[in-house]
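**Q** how would this look folded up:
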Amino acid sequence: MDTDRIVGSAKEYAGRAEGAIGDIAGDAKTQASGKAREAAGTVQNLYGQAKDAVRDATDTAAGYAKDAYENSGETFRDGSKAIAQKVQDNPLGALLVAGGIGFALALLMSRPARRPPPRWRY
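**A** As a prediction, this is how the structure comes out:
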């Protein structure tokens, strides 16, 4: 828990008490001061809550990144095993897919360079 949340809550409750005392005493200045202190405490409390939320989100994201980094080798190995199994199960389909990819790459690489359109001179 952030210290801004604790201090903000304390200011908020102190402001409520001061405002209540101002209401009982009929003093507008004390009443206004209490409302101002309560508003400042609420803002500081919300600021502390936002800091806590950002800290929690950062910790969660760092945990996910660490898990992904630690398990990346296993994921790659699992994917390689799955592809190898598919190729073993259906060698003709794998050959056709590889040939299609090779053909598409050959078409892309053998295209002539695009020339700009000729300029007309009058």
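**Q** for residue 36, give me phi and psi.
**A** phi -70, psi -40 (degrees, to the nearest 10).
**Q** distance check, it against residue 21.
**A** For residue 36, the distance to residue 21 equals 14 Å [Cβ to Cβ, to the nearest Å]. Any C-beta I mention is one placed from the backbone N, CA and C, and that applies to glycine too.
**Q** same check on residue 47?
**A** Distance from residue 47 to residue 21, by Cβ to Cβ: 26 Å.
**Q** all helices of the chain, in order?
**A** 3-25, 28-89, 91-110 (DSSP state H).
**Q** what does the last one contact?
**A** Contacts of helix 91-110 with the rest of the structure, by Cβ atoms under 8 Å, 6 or more residues apart in numbering, involve 86-87.
**Q** check the offset of that helix from the chain's centre.
**A** Distance, stretch centre to chain centre, for helix 91-110: 38 Å (Cα atoms, centre = their mean, to the nearest Å).
**Q** quick one: low-confidence parts of the chain?
**A** 122 (pLDDT under 70).
**Q** let's see 80
**A** For the chain, residues meeting the criterion pLDDT under 80 lie at 1-2, 67-76, 111-122.
**Q** now residue 42: how far from residue 22?
**A** On the measure of Cβ to Cβ, residue 42 and residue 22 end up 18 Å apart.
**Q** neighbour count for the two, which is higher?
**A** Of the pair residue 42 and residue 22, residue 22 is the one with more neighbours under other Cβ atoms under 10 Å, namely 18 against 15.
**Q** was I right about the more buried one contacting residue 31?
**A** Yes: the pair residue 22 and residue 31 passes the contact test of Cβ atoms under 8 Å, sitting 3.1 Å apart.
**Q** tell me which residues in stretch 34-45 are buried?
**A** Within stretch 34-45, the residues that count as buried by 16 or more other Cβ atoms under 10 Å are 34, 37-38, 41, 44-45.
**Q** actually stretch 16-23, not the one I typed
**A** Under 16+ other Cβ under 10 Å, the buried positions of stretch 16-23 are 18-19, 22.
**Q** reformat those as TSV; add distance to residue 69.
**A** As requested, the buried residues of stretch 16-23 are exported to TSV (distance: Cβ to Cβ, whole Å):
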residue	distance to residue 69
18	53
19	53
22	58
